[in-house]
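*Asks:* I need the structure of the sequence given here:
(2 chains)
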Amino acid sequence: MTTRSAIFCALMGLTCLALAGAARAQNQATFGGQWWTQSAPEAAFQQFREVPQGGFLESYFLADSLHRYQFSTFGTHALLQDQAAGLRLDDGARWWLGLDYRQIPHLISLVTRTAYDEVSSGVFRLPDSLQALNQRNPGAYNQTMTDLLKTAHPVQAGFRTDVANGRLGLRPARGWQIEVTGQRRERSGHLPYGGPFGFNSTIELPAPINQRMWDGDATASYVRNRLSVQASAGFSAFQNRTANLNWDNPKELTDITGGSTSAGNGTSQGLLALPPDNRVVRGSVGLGLRLPRQAAFSATVGLSRSTQDAAWLPFTLNQAILAANPQIHLDSLATRSTGAKATALTQDYRLTGRIVPRLHGTLRFHQYHYDNQTPVHVLPGLVLLDQTFEATDLANPEVNRPYGNKQTVYGGDLDLEVMRGVGLSGTYERRVFDRTLREVTKDNEDVVEVRGRATPLERGELEVAYHYGNRKLDQFSLADYEAGGGDTTLTEQPGLRRFDVADRRQNQVSTTVGWAFGERLDVSAQYSYAKDDYPDSPLGLQRGTQNMVTADATLHLAPKVDLSGGYGYALLDTRMESNTSGKGIVTADDSTNWFARIKDRNIFVYVEGQWRAQAKLTLSVGYVFSRDLTTYDLTGTLNTNDASSSVSTKPRVPATNLPSTYFRHHTITAEARYRLMSDTDVAARYGYEQYVVNDFAVQGIPLLGVSVLSPSQTAVYLADNALDYRAHELALLATRRF
Amino acid sequence: MNRGWVTCSVLLALSLLLSPRPPSAAPAATYVGSDACGQCHEDRFREFAANPHGRAARDGALIADRTGCESCHGPGSLHVEAAGDKSNPGFATVRNFRATPAADVVSVCTTCHRAGEQFYWEESAHSHHDVSCTQCHSIHHSLDSEHDKLLKAEGVNRLCLGCHKSKRMELARSAHMPLTEGGMNCAECHNPHGSPGPHMERAASANELCYKCHADKRGPMLWEHAPVRENCLNCHEPHGANADKLLAAKRPFLCQRCHITTRHPSTLYDGSDLATNRLLNRSCTNCHSQIHGSNDPSGNLFLR
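*Replies:* Here you go, the predicted model:
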């Protein structure tokens, strides 16, 4: 037990005793101690929580009246990394104030290591002697780095988000409601991040996260009779206190300019811009009208303006490049920041009502228009990987592309009550997606949905739904795959259709069945099937099929015994086709195509039980099992003879399969709770957790990635970041109501 | 918008506006005041005084013409006169919410709750699927730990997952949002009472919603990644995924749904040499770490 938790728990215990019987029955505090052991220091055990070791205050709630005011305060996991606390104060319906604070940990790895020292936030250094040695003797790089990395020190990868919320509501007069909200969000920690130099795949670093975000909104509503009006205005600001990442090149102590992939050439330091500060101001107006004959109309128009004008970093820190290319000095540029701005206009209109007594209809229109007004900058050149300067080709200038889009959905719904407990619904939607600066500037999708539902004998539930969508692109521009500026060299395969803009046929079916067998047993089951076909995509994602089934049951086994449980299974099967070619060479030769079939399977089981064994004793147990299994079939043979497949059946070059990846997680909890006194419970809780991970991407990662095939392809990694573990938890708790 | 669609819309709009008025029933009972209720329902009456509705009753003029028990249950004179005799027709003249159709429950609640969170209720998917307020809220027997939302479950997540059962499985996947751990809840992204956004989201688009917490991705950036700018859900599954970072597929396969050749050899995959095939750790984003966009003058390939 830490000192802070001991003090806090003692204070809470004393407070509970002092206030015993003073206030309301709902007031309570649960506190005690917990101890746990874990077989391996795996972050997944505490990914989004802090499991307490020692004394802790699990939860509390205290409410009381003060004159005409009512206040309540509540919280969980006080003083831990995942704590939450809140305060409410109100004066009946006149005004109310809410304040909340919570911490959300996100632990990624406890076993990562690095040889870099973070000398200040975002600045990572290696010993100069090492850089000098590698520069003098590049042939010994692997050995030099191997020796260095033996001294790599642990670094915790993960961050924590602290969220503070405030909400003030007012009812100044009949029909009026004003609400003001504010939020401050702070995120700090380290996140694995890569920064390559070109001679290797990457240098992996624990990049600092040091971000702040503020949001504020004020909303005023007026409701009177058939009219309701709402107007809101707000702002959002993001600030990144560590604006860039600067790290040493292990191969160079002095700056050299050279070819982008030449081993040994390059810069002494890399520089990378982390997410820039940005701001948003926004406002919206909403109108609601209750029309005659049970119809209602609503209209909402919102407008927001985003700006981002963070100062540009230098093109590179490589002094050799800067000396030879004065045109890329920031002082020489016409502008030194992006001056980015975008306007988002949202419109939403809906008319709903009863057409005839049993038929309900809705017409709706929704449009979100993101108009990116960021200026187009023609830069004098680029310094990719801080190694070499690539001057802008005037015939083929490197310019930024401020992508914008407009998403429009309009359609209608009809809901028919065929008879009491039986309903039919239908929906038609037209979705139009306009894009700027992409290979597909517009696509249209027609969506039809039909649903039927029934509640037979008011004991059962039956629902069936079918969804069909057909998305067609208006025009595909192959020029987008060309280098540009009159250069017709392709940078992508001409047959590639990116899945987010490709023609797509979507079929989905879902069913739900439920039945209550008397007062004792409720069962329900759901099944859903979804298939996305990309019939006109010779390359890229071609099909995705998902089957999911879940079943749940609640059993009131005996007057004192309740059981509930559920099972779920999901299978997502995707098929994609790609092409093998030499670097930068686009070939239309589909004999070197390869095919991948990837299957994601999930199993989920949970069981909960409660037995009120005696008047004072309650036993409860819980079990949760989840398993994610992904298999990769790259052999290209599975689909070849599949005549029913809509995808290409051309010959393919089989690739070597990858090993399957899986995560398996068991959690068991058991609790015995005894009512010691009318206002005091004591409880003993045991928990067991087992986590098994098998993922080639995050296990067995060397600190120095030396490829067998290409010895010069050397990467510096943060090493493993996933381990199996087993953990046992034991907690002794007391709940005091006062 | 084609002509057929316009015609259909106009006809539907007209029929909505000109549909027949439903018959209205004349009230028979009269209001007697909450104190009369307290004489029989003593415990309920005492508890009610402490809950948000009870406290709001003292400021009734600010909210509605009538507050207290009868504001929801209707005029109680005949029920009082029945004096507990269930065979008396007057006994059942007060509104029993367990036996009240969803639309009628909603019409009672929206007498007061039409502003703020509930502004878009009538257009919401829950409303259209006959979900009533009392399926999620319990005025007299709430279970929520903060005792202010009057929920029928201990927390928002448990309540939502009671119906949206497949989401429970999705949230148990190895990559998931911190919902089961209590770090956030469904209602932070979705407004169960309706919103002008898709899927009852608390924003006009998926991206605007994600930026509420992930403002670092908001930009606009100097170098944009088009699918990122258009829809975060092109790559991420928000409720849970098998792949790290809630990605819809493991990298590099996710990237290769859109990129085949661009400045890289499209190598075959060989499980014996994961490093050369760029399969370790974050795969493509080991180098293209600025995949959400870069504001670095040298960041056009998201390497800087």
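
*Asks:* close to chain B: what parts of the stretch 1-150 of chain A are there?
*Replies:* A:24, A:26, A:47-49, A:59, A:61, A:63, A:68, A:70, A:72, A:74, A:76, A:82, A:84, A:86, A:88, A:90, A:92-94, A:102, A:104-106 (Cβ under 8 Å from any Cβ of the partner chain). Quick note: C-beta positions are derived from backbone N, CA and C, even for glycine.

*Asks:* center of the chain - which residue?
*Replies:* By default, I'm working from chain A. Geometric centre of chain A, nearest residue: residue A:106, 11.9 Å, by Cα atoms, centre = their mean.

*Asks:* switch to chain B, please.
*Replies:* For chain B, the residue nearest the mean C-alpha position is residue B:192 (2.9 Å; Cα atoms, centre = their mean).

*Asks:* for chain B, which spans come out with low pLDDT?
*Replies:* Scanning chain B for pLDDT under 70 picks out B:1-27, B:262-273, B:275-277.

*Asks:* so where's chain A uncertain?
*Replies:* A:1-25, A:199-201, A:258-265, A:395, A:484-487, A:581-585, A:587-588, A:636-654, A:706-713.

*Asks:* which residue ranges form the helices in it?
*Replies:* Assigned by DSSP state H, the helices in chain A fall at A:3-18, A:128-136, A:141-149, A:319-324.

*Asks:* quick one: stretch B:130-142 to chain centroid distance?
*Replies:* Computed by Cα atoms, centre = their mean, to the nearest Å, the chain-centroid distance of stretch B:130-142 equals 15 Å.

*Asks:* list of residues touching it?
*Replies:* Applying Cβ atoms under 8 Å, 6 or more residues apart in numbering or on different chains, the contact partners of stretch B:130-142 are A:423, B:44, B:47-48, B:51, B:53, B:72, B:97-98, B:100-103, B:105-106, B:109, B:113, B:149-152, B:159, B:192.

*Asks:* for PyMOL, write the select line for the buried members of these.
*Replies:* Buried residues within the contacts of stretch B:130-142, by 16 or more other Cβ atoms under 10 Å in any protein chain shown, are selected in PyMOL with:
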select buried, (chain A and resi 423) or (chain B and resi 47+48+51+53+72+97+102+105+106+109+113+149+150+151+152+159+192)
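
*Asks:* can you tell me which of the contacts of stretch B:130-142 are in strands?
*Replies:* residue A:423 (DSSP state E).

*Asks:* quick one: which of the contacts of stretch B:130-142 sit in helices?
*Replies:* Using DSSP H, the contacts of stretch B:130-142 in helices are B:44, B:47, B:48, B:53, B:72, B:102, B:103, B:105, B:106, B:109, B:159.

*Asks:* could I get those as CSV with distance to chain A?
*Replies:* Below are these laid out as CSV (distance: Cβ to the nearest Cβ, whole Å):
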residue, distance to chain A
B:44, 14
B:47, 9
B:48, 13
B:53, 9
B:72, 15
B:102, 11
B:103, 9
B:105, 16
B:106, 12
B:109, 13
B:159, 15
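
*Asks:* which two among those residues are spaced furthest apart?
*Replies:* Greatest spatial distance in the ones in helices among the contacts of stretch B:130-142: B:47 and B:103, 27.7 Å, computed using Cβ to Cβ.

*Asks:* what about residue B:185, how many neighbours?
*Replies:* When neighbours are defined as other Cβ atoms under 10 Å in any protein chain shown, residue B:185 has 17 of them.

*Asks:* that one contacts residue B:171, doesn't it?
*Replies:* No. Using Cβ atoms under 8 Å, residue B:185 makes no contact with residue B:171, being 11.1 Å away.

*Asks:* next, show the common contact partners of these two.
*Replies:* Taking Cβ under 8 Å, 6+ apart as the contact rule, residue B:185 and residue B:171 both touch residue B:179.

*Asks:* hmm, back to that, which among the residues of the stretch 1-150 of chain A next to chain B end up buried?
*Replies:* Looks like the residues of the stretch 1-150 of chain A next to chain B have A:24, A:26, A:47-49, A:59, A:61, A:63, A:70, A:72, A:74, A:76, A:82, A:84, A:86, A:88, A:90, A:92-94, A:102, A:104-106 buried, using 16+ other Cβ under 10 Å.

*Asks:* okay, buried residues for stretch A:46-65 please.
*Replies:* A:46-53, A:55-63.

*Asks:* how far does that stretch stretch from start to finish?
*Replies:* End-to-end distance of stretch A:46-65: 38 Å, with Cα to Cα, to the nearest Å as the criterion.

*Asks:* what's the first-to-last distance across stretch A:137-146?
*Replies:* Stretch A:137-146 has its terminal residues 14 Å apart, counting by Cα to Cα.

*Asks:* do the same with stretch A:107-115
*Replies:* Distance across stretch A:107-115, first residue to last, is 21 Å (Cα to Cα).

*Asks:* now that stretch, how far from the centre of its chain.
*Replies:* Its chain's C-alpha centre and that of stretch A:107-115 lie 21 Å apart, by Cα atoms, centre = their mean.

*Asks:* now what about that stretch, what contacts it?
*Replies:* Residues outside stretch A:107-115 that contact it (Cβ under 8 Å, 6+ apart) are A:41-44, A:46-48, A:124, A:126, A:148-149, A:151-158, A:191-192, A:204-206, A:703, A:716, A:718-723.

*Asks:* mind doing that once more with 7 Å?
*Replies:* Residues outside stretch A:107-115 that contact it (Cβ atoms under 7 Å, 6 or more residues apart in numbering or on different chains) are A:41-43, A:46-47, A:126, A:148-149, A:151-158, A:192, A:205-206, A:703, A:718-721, A:723.

*Asks:* related to what we said a few turns ago, apart from its neighbours in sequence, what residue is nearest the residue nearest to the centre of chain B?
*Replies:* The shortest distance from residue B:192 to any non-neighbouring residue, by Cβ to Cβ, 6 or more residues apart in numbering or on different chains, is to residue B:126 (6.1 Å).

*Asks:* now the helix or strand harbouring that neighbour, how far from the chain's geometric center?
*Replies:* Using DSSP states H and E, residue B:126 sits in helix B:125-128. With Cα atoms, centre = their mean as the basis, helix B:125-128 stands 11 Å off its chain's centre.

*Asks:* so which bits of it are buried?
*Replies:* Within helix B:125-128, the residues that count as buried by 16+ other Cβ under 10 Å are B:126, B:127, B:128.

*Asks:* how about it as PDB, C-alpha atoms only?
*Replies:* Only the C-alpha atoms of helix B:125-128 are listed here, as PDB (Å, rounded to 0.1, in the frame of the first residue of the first chain):
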ATOM      1  CA  ALA B 125     -33.400   6.200 -34.900                       C
ATOM      2  CA  HIS B 126     -34.500   5.300 -31.400                       C
ATOM      3  CA  SER B 127     -37.700   7.200 -31.900                       C
ATOM      4  CA  HIS B 128     -38.400   5.500 -35.200                       C
END
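
*Asks:* just checking, what packs against that helix?
*Replies:* Using 3 or more Cβ pairs under 7 Å, 6 or more residues apart in numbering or on different chains; DSSP states H and E, no helix or strand is in contact with helix B:125-128.

*Asks:* please, where are all the helices along chain B?
*Replies:* Secondary structure of chain B (DSSP H): helices at B:3-17, B:34-40, B:42-50, B:52-56, B:60-63, B:69-73, B:77-82, B:102-109, B:125-128, B:156-161, B:165-170, B:206-211, B:226-230, B:284-287.
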